[in-house]
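Trainee: Need a 3D model of the sequence below.
(chains A and B)
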Number of protein chains: 2
Amino acid sequence: MGPTDRLATFIVQTDGDAIPGHVVHEAKRTLINVLAVAIATSEDPSVSSLETWGGTGGPASVIGRGTASEGQAALVNGYLAHLQDYDDTHFPTVLHPSAPVWPAVLTAAERTGASGAETLAAFAIGCEVACRVALSVHPWHYDAGWHITGTVGGFGAATGAARLFGLDAARTTQALGIAGTHAAGVREAFGTNGKALHAAHAAASGLRAASLVASGLSGPEAILEGRRGFWAVLSPGGHNVAPIEGISDLIASDARWELQNNGLKPYANGVVSHPLQDAVIELRNKHSIAADDVRAIEARVHPLVLELMNRPQPETGLSAKFSHQHCAAAALIDGAGHEAQFHDDRARDPQIAAVRALVHATPDAALGEDEVHVTIRMADGRELTTHVEHATGSPENPMSDTHLEAKYRALAVPVLGERNAEALLRAAWTLDEAPDIRALMALASKRRGA
Amino acid sequence: MGPTDRLATFIVQTDGDAIPGHVVHEAKRTLINVLAVAIATSEDPSVSSLETWGGTGGPASVIGRGTASEGQAALVNGYLAHLQDYDDTHFPTVLHPSAPVWPAVLTAAERTGASGAETLAAFAIGCEVACRVALSVHPWHYDAGWHITGTVGGFGAATGAARLFGLDAARTTQALGIAGTHAAGVREAFGTNGKALHAAHAAASGLRAASLVASGLSGPEAILEGRRGFWAVLSPGGHNVAPIEGISDLIASDARWELQNNGLKPYANGVVSHPLQDAVIELRNKHSIAADDVRAIEARVHPLVLELMNRPQPETGLSAKFSHQHCAAAALIDGAGHEAQFHDDRARDPQIAAVRALVHATPDAALGEDEVHVTIRMADGRELTTHVEHATGSPENPMSDTHLEAKYRALAVPVLGERNAEALLRAAWTLDEAPDIRALMALASKRRGA
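Mentor: Numbers count the residues shown, from 1 in each chain, chains lettered A, B, ... in the order given. Purely as a prediction, here's the structure:
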């Protein structure tokens, strides 16, 4: 059996009931995370550009924006999920699996009326396929300049949709083929709206591939391993077939699912300063620190913090995301690092600017990338210190459900209101018991004030 | 000025009135050709799969299929234009420019109410940009496994749409950026519906890029030359900046436009047997040959004919397209090589099978790829011979307007009926005088019987 056929067999033959409970729970957590981020982003002015293009109204739900055609819903939901760089990360490959896969799964489940349990299974399987295709080309593919979320994401989106559409193995292979031949996205687009459009394209293109093949179109049958296929053309520097071969044993061997290597971000900024933010928030909460009583925040950090995120006094919200000083100051004052802490007016806020000036980081190459030592010197002479070994959201220190709920509420309540936000959160936690996903999507797609 | 900026400047600053008349005439010819092919293909059963996906009804015209949303119209029109492999070919690069570029231009012109002359100028400029981007990566890109029509086509589609949407140079650069980062299509999809979907994706994605940037989204500003851009990532084997640099002088120097290197195919099959078909049809018409009077068709051919197209008795229409014997037999009996000559029932037709058995080709490496010597031996002892030096549709022997009209009528009349087909042909020949393209698109989008 060839590698692409092997994926298709796994997609078709895996019994949803055989997926371990902790994997299903992790799938729910990624859903709550992606809903939170997309709901917050649904008020971004750029979303109207996508609506000018693809229109509104139709059979499929758009998070925070009502309804649209299926292709448009997957496109916009993928964009919303990735625009703030606040979605999940598959640590071994820097793939962001939820942004392309969940939109395709949700739209397909709306079409077919799939149960909540079937929907969660389709996501878990789609995520597994995407992560393993990513592993098969990592690091050559990303190093060559590809944005792996855009390229590999489409395989996961097509997988989830093919599973929900009930394609057989032969057609699933071809759906992967059509999705794979539309893989796109180069890193040159980073720093522009083009980056989020990669996730959008992957979601819509993967869903389209499964839909077209379901209604009779043909596609290539060996997209991974073919002579002019994905590995040969998009990863000529190398590839590794083992992650694909291994998928056949996943259920029987009780092996680790890739969802367990997928982290949720606690802060809406670059990951290298996350341990610093963890440490400051820990001390702030433990000692009830008021910002006015702080004289200095001293940190020993991994050298990448200073290489990538050293901007003592950023002037815009976007540049504040690349300032470890701003991240630490917002952590001290607000106890958080959501998009709200990176608005332009917060970058110019005098109180935050004053605290930024108190942050002093020194590099220590002996530390891990997700590690930090922090000392806060207080006006009363106290020295408060802590050591974070693994930042929140890393596979070694996953975000707790409580922390995830706090992130969700911080992002969703201002848009949906408390009552709807809580109802949606309950719907996500109990999705495996739902007869279909209509109730969840009705809540998720509400527009502010509607 | 960087290469991408140079393209954008050409796109924005070129005065439509400065485009030479023979180039505008060639643009009209590509339109007539693409309309003919798409109209004939609009009855293919696979088109309904695309409609199941993207729906029908909307502001944009679909050739032979009514209307749809803008994105869906560009998608379906691109698919229709390329499905039969009967569209045009840019000989230096094997790019098929019309299938991705014309659909984006037509949909954009419908949105803006552009005049016929502006529409033709947008196509000529979009085609020029696509061909020059193709030249900049040829042969490395195609040899690496990319389907250049899918990848480079999006640049041309975005160009035509950006021009019609009135984007300034800075925004045009970013529209090229968004189109370029969605470039997709590997040759592994050849032989499946996926190949035509490449042209469809390029058309829709290029149009989408221009539309999104027009309404405010940002894209990368150096998609060609950037460190993680199109050249670095999709053509790591090499690239050539000269075709891009040269575009600035195109108008002032009165240089050759790439449309003049773009050929129209007289036959719906692989190009290597076209000289053979030319020769048989020439002798058939000149001597009023009846098939029953023929004893042998002897040909000296370029060796590729036997390597690629040697199937003495094909059993399906698709395999008949790869049979030089079938191509020659259909040329003798029907005087043509349209899709109708490659239906399954023609492959099984006893009369064609009998003539196929009379075809004897011998390879001659001294011949050009578009060259042939043919002798037809008649029952009465006559030997009728001819030599085709350059097959019809090559840059050295372009298809005449009369021949193009015959191709158009053969493909369009059975679908549109003679009256509508003739009205559409007139609308295309006089497009530069039309106030907008509504009349043309109303005729082109008629469904059979409507």
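Trainee: contacts, neighbours, all on C-alpha from now
Mentor: Noted.
Trainee: In the stretch 1-150 of chain A, where is pLDDT below threshold?
Mentor: Of all residues in the stretch 1-150 of chain A, none has pLDDT under 70.
Trainee: All the helices of it, in order from the start?
Mentor: A:3-13, A:21-41, A:47-54, A:70-82, A:98-112, A:116-137, A:140-143, A:148-165 (DSSP state H, counting those that start in this stretch).
Trainee: Reformat these as CSV; add distance to chain B.
Mentor: Output for the helices of the stretch 1-150 of chain A, formatted as CSV (distance: least, CA to the nearest CA, whole Å):
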stretch, distance to chain B
helix A:3-13, 13
helix A:21-41, 15
helix A:47-54, 5
helix A:70-82, 7
helix A:98-112, 11
helix A:116-137, 15
helix A:140-143, 9
helix A:148-165, 9
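Trainee: Go through those and name the closest to B:Gly156.
Mentor: Closest approach to B:Gly156 among the helices of the stretch 1-150 of chain A (CA to CA): helix A:47-54, 18.7 Å.
Trainee: Mind giving me the packing neighbours of that closest one?
Mentor: Applying 3 or more CA pairs under 8 Å, 6 or more residues apart in numbering or on different chains; DSSP states H and E, one finds that helix A:47-54 makes contact with helix A:70-82, helix B:70-82, helix B:193-214.
Trainee: Buried residues of that helix, list them for me.
Mentor: Across helix A:47-54, burial judged by 16 or more other CA atoms under 10 Å in any protein chain shown covers A:47-51, A:53-54.
Trainee: Residues contacting it, please?
Mentor: Under the criterion CA atoms under 8 Å, 6 or more residues apart in numbering or on different chains, residues A:72, A:76, A:80, B:69-71, B:208, B:211-212, B:215-217 lie in contact with helix A:47-54.
Trainee: Buried subset of these, written for ChimeraX?
Mentor: Buried members of the contacts of helix A:47-54 can be picked out in ChimeraX with the line below, counting by 16+ other CA under 10 Å:
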select /A:72,76,80 /B:69,70,71,208,211,212,216,217
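Trainee: Let me know the closest of the contacts of helix A:47-54 to B:Ile11.
Mentor: Nearest to B:Ile11 among those, with distances taken as CA to CA, is B:Ser211, at 15.8 Å.
Trainee: Relative to B:Gln174, how far out is that closest one?
Mentor: Using CA to CA, to the nearest Å, B:Ser211 is found at 11 Å from B:Gln174.
Trainee: So for A:Ala410, which of the helices and strands packed on helix A:47-54 sits nearest?
Mentor: Using CA to CA, the helices and strands packed on helix A:47-54 put helix A:70-82 closest to A:Ala410, at 15.9 Å.
Trainee: Contacts made by that closest one with the rest, please.
Mentor: Counting by CA under 8 Å, 6+ apart, A:34-35, A:37-39, A:41-42, A:47, A:50, A:54-55, A:58-63, A:67, A:87, A:98-100, A:103-104, A:107, A:196-204, A:207-208, B:53-54 sit against helix A:70-82.
Trainee: Filter those residues down to the buried ones.
Mentor: If we count by 16+ other CA under 10 Å, the contacts of helix A:70-82 have these buried: A:34-35, A:37-39, A:41-42, A:47, A:50, A:54-55, A:60-63, A:67, A:87, A:98-100, A:103-104, A:107, A:196-204, A:207-208, B:53-54.
Trainee: Give me the neighbour count for A:His387.
Mentor: Applying other CA atoms under 10 Å in any protein chain shown, we find 17 other residues in the vicinity of A:His387.
Trainee: Just confirm it is within a strand.
Mentor: Yes. Under DSSP: H, G, I helix; E, B strand; the rest coil, A:His387 sits within a strand.
Trainee: which secondary structure element contains the closest residue to it other than its chain neighbours?
Mentor: Closest residue to A:His387 apart from its sequence neighbours, by CA to CA, 6 or more residues apart in numbering or on different chains: A:His373 at 4.5 Å. Using DSSP states H and E, A:His373 maps to strand A:372-378.
Trainee: Pull up the pairing partners for that strand, direction included.
Mentor: strand A:294-301 (antiparallel), strand A:383-388 (antiparallel) (DSSP bridges).
Trainee: Contacts made by the last one with the rest, please.
Mentor: The contact list for strand A:383-388 (CA under 8 Å, 6+ apart) reads A:275-276, A:278-279, A:283, A:370-378.
Trainee: which stretches of the stretch 301-450 of chain A have low pLDDT?
Mentor: Ranges of the stretch 301-450 of chain A meeting pLDDT under 70: A:449-450.
Trainee: how does chain A divide into domains?
Mentor: For chain A, the structural domains run A:3-266+A:403-444, A:271-388, going by automatic domain parsing.
Trainee: Buried deepest among those domains, which one?
Mentor: Of all these, domain A:3-266+A:403-444 carries the top mean neighbour count, a mean of 23, counting by mean count of other CA atoms under 10 Å in any protein chain shown.
Trainee: Can you give me the end-to-end span of it?
Mentor: Terminal-residue distance, domain A:3-266+A:403-444 (CA to CA): 37 Å.
Trainee: That one: how far from the chain's middle?
Mentor: Distance, stretch centre to chain centre, for domain A:3-266+A:403-444: 9 Å (CA atoms, centre = their mean, to the nearest Å).
Trainee: Chain neighbours aside, what residue packs nearest to A:Leu416?
Mentor: Per CA to CA, 6+ apart, closest to A:Leu416 is A:Arg448, 6.0 Å.
Trainee: Is it possible to get JSON lines of the helices and strands packed on helix A:47-54 that adds distance to B:Glu307?
Mentor: Below are those laid out as JSON lines (distance: least, CA to CA, whole Å):
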{"stretch": "helix A:70-82", "distance to B:Glu307": "43"}
{"stretch": "helix B:70-82", "distance to B:Glu307": "24"}
{"stretch": "helix B:193-214", "distance to B:Glu307": "22"}
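Trainee: Among the ones you listed, single out whichever gets nearest to A:Ala428.
Mentor: Of all the helices and strands packed on helix A:47-54, helix A:70-82 comes closest under CA to CA, at 16.2 Å.
Trainee: Could you dump the domains of chain A into a markdown table with distance to B:Gly153 added?
Mentor: As requested, these are exported to a markdown table (distance: least, CA to CA, whole Å):
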| stretch | distance to B:Gly153 |
| --- | --- |
| domain A:3-266+A:403-444 | 13 |
| domain A:271-388 | 34 |
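Trainee: before we move on, back to that, need the max-distance pair from the contacts of strand A:383-388.
Mentor: A:Asp370 and A:Met378 (25.5 Å).
Trainee: Now for the closest residue in space to A:Pro314 that isn't next to it in sequence: which residues touch it?
Mentor: The shortest distance from A:Pro314 to any non-neighbouring residue, by CA to CA, 6+ apart, is to A:Ala320 (5.2 Å). By CA under 8 Å, 6+ apart, the residues touching A:Ala320 are A:311, A:314, A:326-327, A:342, A:347.
Trainee: which among those gets closest to chain B?
Mentor: A:Phe342 (19.6 Å; CA to the nearest CA).
Trainee: The closest one and A:Pro314, how far apart?
Mentor: Distance from A:Phe342 to A:Pro314, by CA to CA: 10 Å.
Trainee: Please verify my assumption that A:Arg227 contacts B:Glu188.
Mentor: Yes. Between A:Arg227 and B:Glu188 there is a contact at 6.9 Å, judged by CA atoms under 8 Å.
Trainee: where do the helices sit along the stretch 351-450 of chain A?
Mentor: A:401-416, A:418-429, A:438-444.
Trainee: Please look at A:Arg348 and A:Glu315 and confirm they touch.
Mentor: Yes. Counting by CA under 8 Å, A:Glu315 is a contact partner of A:Arg348 at 6.2 Å.
Trainee: Let me see the backbone angles for A:Asp349.
Mentor: Main-chain torsions, A:Asp349, degrees, to the nearest 10: phi -70, psi 130.
Trainee: Counting by contacts, list what the strand or helix carrying A:His274 packs against.
Mentor: A:His274 is located in helix A:274-287, with elements delineated by DSSP H and E. With contacts taken as 3+ CA pairs under 8 Å, 6+ apart, helix A:274-287 sits against helix A:324-334, strand A:372-378, strand A:383-388.
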